[in-house]
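Chemist: here is a sequence with its predicted model. Questions after.
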Amino acid sequence: MTMTRAFDELETAKLAEVTVRGRERCLRFIGDRREIWENAQPFLRNPVSKRLFIRRIDGAESANRAGLTALAHYSMLAPPAYTTYALSREEWKTLRQQHKIIEAPAQDPDASEMEVWWYSPARFAEHGMVDRLSLYLSLKAAHDERTETAVEEMMQKFKW
């Protein structure tokens, strides 16, 4: 039932065509990868459910880097003063249980930014950094001109 619904939604969004051969339903995406990405934009949401600053703790370093930290890796943007990490909700819950988490102001030199994602960023991570497409979705609403320029630069370099 879930696959049937997914096929129907992709077809309704005009991202794919569904054909039926006997009892088998086949899905064929319309266009190349870049076209599919651009056409899917209205249906995609920010993967970040919550952002907060915490004091640095052991164990956070194993999380994938995200936000401006990852953007600095993928573009010419200078790295921020703090490191941004991304964890799934389950990973965040485990980290909170293992450590006493202390929230900190963003200006604290001993702070790290933690992004809690709707899904595990590790699923698509590349070399300890969140993937570019998820990073784009997490930063596309940025109101900083330098960030917007760096996001555009990152996407232009993306190999479709």
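Modeler: Yep, it's here. Note that the structure is a prediction, hence the values are computed from the model and not measured. Residues are numbered from 1 along each chain as shown.

Chemist: residues contacting the closest residue to residue 131 other than its chain neighbours?
Modeler: What sits nearest to residue 131 in space, not counting adjacent residues and going by C-beta to C-beta, 6 or more residues apart in numbering, is residue 124, at 3.9 Å. All C-beta atoms are positioned from the backbone trio N, CA, C, and that covers glycine. Neighbour list for residue 124: 130, 131, 133, 134 [criterion: C-beta atoms under 8 Å, 6 or more residues apart in numbering].

Chemist: okay, those residues in CSV with neighbour count, pLDDT and distance to residue 144 next?
Modeler: Output for these, formatted as CSV (neighbours: other C-beta atoms under 10 Å; pLDDT from 0 to 100; distance: C-beta to C-beta, whole Å):
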residue, neighbour count, pLDDT, distance to residue 144
130, 30, 97, 19
131, 19, 97, 21
133, 14, 97, 20
134, 23, 97, 19
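
Chemist: out of these, which is nearest to residue 49?
Modeler: Lowest distance from residue 49 to those (C-beta to C-beta) belongs to residue 134, with 12.8 Å.

Chemist: hang on, the earlier thing: which two in the contacts of residue 124 are spaced the farthest apart?
Modeler: 130 and 133 (9.2 Å).
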